[in-house]
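Participant: based on what follows, work out the 3D shape:
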Amino acid sequence: MTSKRLYYQNAYTTRFEATIVERIRQEGQTAVILDQTYFYPTSGGQPFDTGTINNLPVYDVSIRESDEAVLHWLDTSELWQDTITGQIHWPRRFDHMQHHTGQHILSQAFIQIAQAETVGFHLSENTVTIDLHTMQLSPAQVEEAEHLANQIIWQNRPVHIRSVTLEQAQKLALRKLPPVRGGQLRLIEIEQFDLTACGGTHVRRTGEVGLIKIVRLARQNNQLRVEFCCGQRALADYRLKNSVVNQLANELTTGIGEVVESVARLRDEAKESRRKLKKQQEQLLYFEAAELLKNGKKVGDTAVVSRVFTAEESDAAQLRILANHLTQNGRVVALLGLAGEKSQLLFCRSQDAPGEMNQLIKPALQVLGSAAGGGTAVLAQGGGPGADQERVQQAVEKAERLLLGQLR
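Facilitator: Sure, this is the predicted structure:
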């Protein structure tokens, strides 16, 4: 049995009486069908209303496909009364009314400014978007569409709702005519601006939308996705961004108008500082390599260098640079380790030095409790779980013993 959907006629009613005509138990969940309801079910890109039935929370409202009955899902199986009182959660309902009406206004604005039709609409608790049948709009077009939309809001135009037959609708200048076979079509008209078929909830006058602000553009499946916000969400968005900009201005001791320029300057300075630091680190690693070679073991004409670093002393990238410096100095085998939250082993040799690094890495990694590693005769590496310097030193020493056995 279908319910009378009273929100079609009046989206402002938040409290109503109704009678339960059917109870459903499905996978441990309970739903009721009412003879009439103001609860909006998820449909047309608009989420469901929340609220209560006899003070019991309604956590979902959906449509049963077989007969289009409205299902009110409750977290209980103890609702025995047939006569109920329903209460709509007004802040959520009004938010949806603002954004659905705002979507109609913005969609028509993009048609008038850029001939870009809306082909998709999505409204959730966090974001509201429309998808436009175009790949790209100029910044000027976006700004003009936003400006036109807000002019329509501030003119406080009436929003009319009426029902017509399909035959009547086909004679009207509708922005969008949905695929229907018969029956009545519900039309939403923003006076002298937009006319379209829609089953959602809307405000009575455009002024109640408050404000439309476009906040983000993104390409999505050969379309342009426009994220926007209205009313209370637009105010919250402004408060957040205004707070961020003011904090940045205070931190940078500059005016709001100079924040972007100041941040760009800091970015460039940081980039230059990183470049200089990298150059200095490479120079230090060059001297580190020279010191390690000086104190390394000599096995015939081959130098064997082993060293374990802590996370405070080095990182994986610096380990590779150090290994490169070491192996550029004659016949050298370097056995390097890194202790910390993630342990690391790097074994390498000069091209003309003896030794099979890939035969050393796995036995050494076993000391760390890992088998994640491999490589070639010239270079092998791998990582293990977190380990202290002593444990990594044990792994490197095992590799060194195996290497000395190869060299002999």
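
Participant: C-alpha only now, for contacts and for neighbours.
Facilitator: Will do.

Participant: list the contacts of Asn111.
Facilitator: You called it Asn, but residue 111 is Ile. Glu117 (C-alpha atoms under 8 Å, 6 or more residues apart in numbering).

Participant: how far away is it from Ala197?
Facilitator: Ile111 is 16 Å from Ala197, where distance means C-alpha to C-alpha, to the nearest Å.

Participant: residues contacting Ser3?
Facilitator: Residues near Ser3 by C-alpha under 8 Å, 6+ apart: 33-37, 69-70.

Participant: ok, now which ones touch Val305?
Facilitator: Contacts for Val305 (C-alpha under 8 Å, 6+ apart) come out as 292-293, 295-297, 332-336.

Participant: partners of the helix or strand hosting it, with directions?
Facilitator: Assigned by DSSP states H and E, Val305 belongs to strand 302-309. Paired with strand 302-309 in the same sheet, following DSSP bridges, are strand 297-299 (antiparallel), strand 332-338 (parallel).

Participant: does Leu6 really touch Leu34, like I thought?
Facilitator: No. Contact status for Leu6 versus Leu34: not in contact, 11.3 Å apart, counting by C-alpha atoms under 8 Å.

Participant: more neighbours: which of those two?
Facilitator: The neighbour comparison of Leu6 against Leu34 (other C-alpha atoms under 10 Å) goes to Leu34, with 27 against 15.

Participant: how close does the more buried one get to Gly207?
Facilitator: Look at Leu34 and Gly207: by C-alpha to C-alpha, they are 33 Å apart.

Participant: just Tyr8 next, same as before
Facilitator: Counting by C-alpha to C-alpha, the gap from Tyr8 to Gly207 is 20 Å.

Participant: what comes up buried for the strand holding Val305?
Facilitator: 302-306, 308-309 (16 or more other C-alpha atoms under 10 Å).

Participant: quick one: mean pLDDT for it?
Facilitator: For strand 302-309, mean pLDDT is 91.

Participant: do stretch 143-154 as well
Facilitator: 98.

Participant: with stretch 73-80 instead?
Facilitator: In this model, stretch 73-80 has an average pLDDT of 82.

Participant: ok, stretch 338-346 next?
Facilitator: Computed over stretch 338-346, the average pLDDT equals 92.

Participant: gap between the closest residue to Arg391 other than its chain neighbours and Gly386?
Facilitator: Excluding the flanking residues, the one nearest Arg391 by C-alpha to C-alpha, 6 or more residues apart in numbering is Leu368, at 7.0 Å. Using C-alpha to C-alpha, Leu368 is found at 8 Å from Gly386.

Participant: separation between His325 and Ala353?
Facilitator: In terms of C-alpha to C-alpha, His325 sits 15 Å off from Ala353.

Participant: secondary structure element for Pro91?
Facilitator: Pro91 belongs to helix 90-114, assigned by DSSP H and E.

Participant: list the buried ones in that helix?
Facilitator: So helix 90-114, judged by 16+ other C-alpha under 10 Å, has buried residues 90, 92-110, 113-114.

Participant: for the protein, just list every one of the helices.
Facilitator: For the chain, the helices defined by DSSP state H occupy 90-114, 139-154, 166-169, 231-252, 259-295, 316-327, 357-367, 389-407.

Participant: name the residue in Leu368 and Gly386 with the higher neighbour count.
Facilitator: Per other C-alpha under 10 Å, whichever of Leu368 and Gly386 has more neighbours is Leu368, with 22 against 17.

Participant: surely the more buried one touches Asp388?
Facilitator: No. Leu368 is not in contact with Asp388 according to C-alpha under 8 Å; the separation is 9.9 Å.

Participant: what is the burial count for Leu407?
Facilitator: Counted with other C-alpha under 10 Å, Leu407 comes out at 13.

Participant: can you check Gln393 too?
Facilitator: Gln393: 22 surrounding residues under other C-alpha under 10 Å.

Participant: list the contacts of Tyr286.
Facilitator: Residues near Tyr286 by C-alpha under 8 Å, 6+ apart: 322, 325.

Participant: actually, His99.
Facilitator: Applying C-alpha under 8 Å, 6+ apart, the residues near His99 are 123, 128, 209, 229-231.

Participant: okay, the residues you listed in a markdown table with pLDDT next?
Facilitator: Shown next, in a markdown table, are these (pLDDT from 0 to 100):
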| residue | pLDDT |
| --- | --- |
| Leu123 | 94 |
| Val128 | 96 |
| Val209 | 98 |
| Cys229 | 97 |
| Cys230 | 97 |
| Gly231 | 95 |
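
Participant: mind checking which of those residues are in strands?
Facilitator: Using DSSP state E to define strands, the subset of those located there is 123, 128, 229-230.

Participant: any idea how far apart the tips of stretch 24-38 sit?
Facilitator: End residues of stretch 24-38 are separated by 19 Å (C-alpha to C-alpha).

Participant: would you mark the buried spots in it?
Facilitator: Those would be 30-38, for stretch 24-38 by 16+ other C-alpha under 10 Å.
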